[in-house]
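Undergrad: Pasted the sequence and its predicted model underneath.
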Amino acid sequence: MAPEARIKSFLKNSATALCAGAVVLASFSLGAEAARRHYRSHYHHLPEVAAIPPRALPYPHLPLPFEIPGAQYLPLAWADVKGWSDDDHLAAYKTFRASCRSINPQTGAAESKALSGSLGEPCRAAKSLDLTEDAKAKTFFEENFSPLRISRLGEPDGFVTGYYEPVLDGSRTQTDVYNVPVYRRPSNLFVRGYNQASVSLPNKGAVYRKIGRRKLVPYYDRGEIEDGKIAGRGLEIAWLKDPTDLLFAQIQGSARIKFDDGATLRLNYDSYNGYPYTAVGRVLIERGIIPKEEMSMQKIREWMAQNPDGAKELRRQNRSYIFFREVNLSDKDEAVGAQGIPLTAGRSIAVDKSLHVYGTPFFIEGELPIESERAKTPFHRLMIAQDTGSAIIGPARADLYFGAGADAGRVSGRLRHPMHFVMLVPKSLDPGVRAARLPVPDPRPSAKIAKLFPQIDPAKDPGKGETVAIAGPVPLPAPRPVIEPVREPRRHMKSRSHQQ
């Protein structure tokens with residue numbers, strides 16, 4: 001046969017075989033489908049097994065008894081609060097009662113903080129009690145509050161600094177001597193969520209300079225303002241001698257300016273330019289100019305007076321800038337805190353407003369250099385949270401207010417000390433009482449169950465062969481044995497021969 005004929009014959013036979021295979025496969029598929037239909041028509045589906053319901057939690061869902069982010073706390077007995085009986089409780093009671101004037105009228109949604117609106121109950125009790133005896137004031141706190149030792153998570157103590165109200169010489173007009181302007185808030189300073197006419201804008205968060213009706217850009221920093229970016233716009237409230245005086249008035253958040261005619265102008269914090277606060281003392285420590293253990297406000301003042309050029313550069317390290325407003329207070333009145341009431345020297349503190357509620361009592365105990373720089377004066381005093389500050393951050397962080405004037409400035413300027421903090425929690429939020437409502441955990445497995453799963457304690461000598469039931473994972477069951485399937489002998493099928 002010719003080669004061409006052989007090729008044609010091979011292709012014809014191959015096509016015939018493929019067609020036959022396709023017919024076999026099609027008949028097989030049809031047969032399988034028929035079998036499935038037959039099964040469905042003669043046998044019912046097995047009943048669906050109901051899904052196992054999720055296991056109910058063994059404990060009811062209850063809110064935590066008491067929670068402050070980033071804090072650790074320990075309930076105490078009053079007898080365990082060191083120095084509690086030695087304090088002037090009546091002075092603390094009067095300060096707390098003053099805070100209640102702004103707490104009682106509060107309505108609406110409670111604040112999303114640990115104490116929330118729980119101070120309302122002890123404030124109602126204080127409003128009805130005009131106490132004049134220290135013993136009764138002490139009893140009031142013990143009956144309405146529970147002591148709670150508090151500190152930052154992982155730290156044993158809190159930390160305190162001091163602040164005061166500076167009394168400065170000044171002038172209503174600019175002169176050769178008084179040429180440092182004290183500015184009120186500019187009209188183009190804008191904070192989202194606040195009307196530009198609002199009193200006392202927040203001291204944290206973004207602040208913008210509004211250009212036209214829509215454009216917002218960051219506000220000028222300290223260096224730009226000192227260079228005259230807002231000068232000549234009628235924002236000057238008064239004039240001071242020294243830019244260092246202005247810097248420390250801004251750090252304290254208030255000031256009294258004495259004029260030559262004997263009048264006094266009272267200034268209070270109103271807003272800031274949006275930049276984070278940088279402590280100039282920390283900068284001097286990092287540069288090795290003043291040792292950390294010697295750092296005080298007086299040391300900073302002395303260095304700035306001796307280094308005018310360096311003082312200018314140092315001030316600009318703190319880009320934050322405070323604007324003031326005039327307040328109608330007499331010389332006998334103390335500065336007004338962020339709570340909106342006059343502070344009490346030796347009893348008011350500034351706290352982290354993002355964590356704490358104004359009016360919260362804190363008992364602060366330890367030793368402070370009150371009488372001199374090297375003194376270790378025992379300090380155990382019940383203080384009331386009535387103010388805040390941008391540098392006051394954390395659950396056990398406080399700025400102690402010491403009043404106005406140079407003496408108060410000297411004391412507050414040397415405070416940078418760890419102290420014990422005891423937070424007074426209203427009885428309605430007593431963590432001990434609320435935690436008692438939580439159910440106890442399930443009992444441990446019985447001894448019989450423990451014996452079923454003995455494990456060798458690695459802490460003991462393995463040579464002794466002791467087995468004890470210890471907490472550990474339950475052993476998994478043994479794997480199934482591998483069973484080889486029995487292979488049936490293959491039947492030989494005749495294959496069709498293909499013609500070549």
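TA: Good, I have the coordinates. Numbering: from 1, shown residues only.

Undergrad: where exactly do the helices run in this structure?
TA: Per DSSP state H, the chain carries helices over the ranges 3-42, 89-103, 120-127, 134-144, 222-226, 243-252, 280-286, 297-306, 308-317, 406-413, 431-435, 447-452.

Undergrad: and the angle from the fourth one to helix 89-103?
TA: It refers to helix 134-144. Per axes from the mean of the first three to the mean of the last three Cα atoms, to 10 degrees, the angle that helix 134-144 makes with helix 89-103 is 50 degrees.

Undergrad: hang on, the earlier thing: going by mean pLDDT, which of the helices of the chain comes out lowest?
TA: The stretch with the lowest mean pLDDT among the helices of the chain is helix 3-42, at a mean of 50.

Undergrad: got the buried residues for stretch 318-327?
TA: Buried residues in stretch 318-327, counting neighbours by 16 or more other Cβ atoms under 10 Å, are found at Asn318, Arg319, Ser320, Tyr321, Ile322, Phe323, Phe324, Val327. Using the backbone N, CA and C atoms, a C-beta is placed for each residue, glycine as well.

Undergrad: Quick one: end-to-end length of it, please.
TA: Between the start and the finish of stretch 318-327 there is a gap of 26 Å, counting by Cα to Cα, to the nearest Å.

Undergrad: pLDDT of it, averaged?
TA: Mean predicted lDDT for stretch 318-327 stands at 94.

Undergrad: can you pull the contacts of the residue nearest the centre of the chain?
TA: In the chain, the residue lying closest to the centroid (Cα atoms, centre = their mean) is Pro69, at 5.2 Å. Contact partners of Pro69, counting by Cβ atoms under 8 Å, 6 or more residues apart in numbering, are Leu355, Pro395.

Undergrad: do Ser254 as well
TA: Under the contact definition (Cβ under 8 Å, 6+ apart), the residues listed for Ser254 are Glu165, Pro166, Arg266, Leu267, Asn268, Tyr269, Ala335, Val336.

Undergrad: what do you get if the cut-off is 6 Å, keeping everything else the same?
TA: Glu165, Asn268, Ala335 (Cβ atoms under 6 Å, 6 or more residues apart in numbering).

Undergrad: What count of nearby residues applies to the closest residue to the first one other than its chain neighbours?
TA: Beyond its immediate neighbours in the sequence, the residue positioned closest to Glu165 (Cβ to Cβ, 6 or more residues apart in numbering) is Ala404, lying 3.9 Å away. For Ala404, the number of neighbouring residues by other Cβ atoms under 10 Å comes to 23.

Undergrad: Model confidence for Ala404, exactly?
TA: The predicted local confidence for Ala404 comes out at a pLDDT of 93.

Undergrad: Please report how far the nearest residue to Asp242 once chain neighbours are set aside lies from Pro75.
TA: Take Asp242 and drop its neighbours on the chain: the residue closest to it by Cβ to Cβ, 6+ apart is Val180, 6.5 Å away. In this view, Val180 and Pro75 are 51 Å apart by Cβ to Cβ, to the nearest Å.

Undergrad: just Gly310 next, same as before
TA: Remark: distance between Gly310 and Pro75 (Cβ to Cβ) = 50 Å.

Undergrad: For the two, indicate the residue with more neighbours.
TA: Neighbour count, other Cβ under 10 Å: between Gly310 and Pro75, Pro75 has more, with 17 against 14.

Undergrad: Now Ile341. Nearest residue, chain neighbours left out?
TA: For Ile341, ignoring the flanking residues on the chain, the nearest one in space by Cβ to Cβ, 6+ apart is Ala98 at 5.6 Å.

Undergrad: Can you list phi and psi of the closest residue in space to Gly70 that isn't next to it in sequence for me?
TA: With sequence-adjacent residues excluded and distances taken as Cβ to Cβ, 6+ apart, Gly70 is closest to Leu153, at 5.4 Å. Leu153 adopts backbone torsions of phi -60, psi 120, taken as degrees, to the nearest 10.

Undergrad: ok, now Gly83?
TA: Per-residue torsions, Gly83: phi 80, psi 0 (degrees, to the nearest 10).

Undergrad: Contact partners for it?
TA: Shown in contact with Gly83 (Cβ under 6 Å, 6+ apart): Glu365, His380.

Undergrad: picking up where we left off before, the residue nearest to Asp242 and Leu247 touch, don't they?
TA: No. When contacts are counted by Cβ atoms under 6 Å, Val180 is not listed as touching Leu247 (9.7 Å).

Undergrad: what about those two, which has more around it?
TA: With neighbours defined as other Cβ under 10 Å, Val180 and Leu247 compare such that Leu247 has more, 22 against 18.

Undergrad: Can you report how many residues neighbour the residue nearest to the more buried one when sequence neighbours are not counted?
TA: Of all residues beyond its chain neighbours, the one nearest Leu247 is Arg315 (5.6 Å), with distances taken as Cβ to Cβ, 6+ apart. Arg315 is flanked by 20 other residues according to other Cβ under 10 Å.

Undergrad: just Asp261 next, same as before
TA: Other residues near Asp261 come to 6 when the count uses other Cβ under 10 Å.

Undergrad: who touches stretch 209-222?
TA: Surrounding stretch 209-222, the residues in contact under the criterion Cβ under 6 Å, 6+ apart are Asn188, Phe190, Val207, Tyr208, Lys229, Asn273, Gly274, Tyr275, Arg316, Arg319, Tyr321.

Undergrad: run the last query once more with 8 Å
TA: For stretch 209-222, contacts defined as Cβ under 8 Å, 6+ apart pick out 188-190, 207-208, 229-230, 273-275, 315-316, 318-321.

Undergrad: so how far is stretch 239-255 off the chain centroid?
TA: For stretch 239-255, the separation from the chain centroid amounts to 30 Å (computed by Cα atoms, centre = their mean, to the nearest Å).

Undergrad: Do me a favour and get the end-to-end distance for it?
TA: Terminal-residue distance, stretch 239-255 (Cα to Cα): 13 Å.

Undergrad: Can you list the buried residues in that stretch?
TA: Burial within stretch 239-255, assessed by neighbour count using 16+ other Cβ under 10 Å, is assigned to 239-255.

Undergrad: now the strands for the stretch 51-200 of the chain?
TA: Per DSSP state E, counting those that start in this stretch, the stretch 51-200 of the chain carries strands over the ranges 71-75, 145-152, 158-165, 167-171, 180-183, 189-190.

Undergrad: how close does the residue nearest to the centre of the chain sit to Leu153?
TA: To Leu153, Pro69 is 9 Å away according to Cβ to Cβ.

Undergrad: for Ile392, same thing?
TA: Ile392 sits at a distance of 17 Å from Leu153 (criterion: Cβ to Cβ).

Undergrad: So for those two, which sits in the more crowded spot?
TA: Using other Cβ under 10 Å as the criterion, Ile392 and Leu153 rank with Ile392 on top: 23 against 12.
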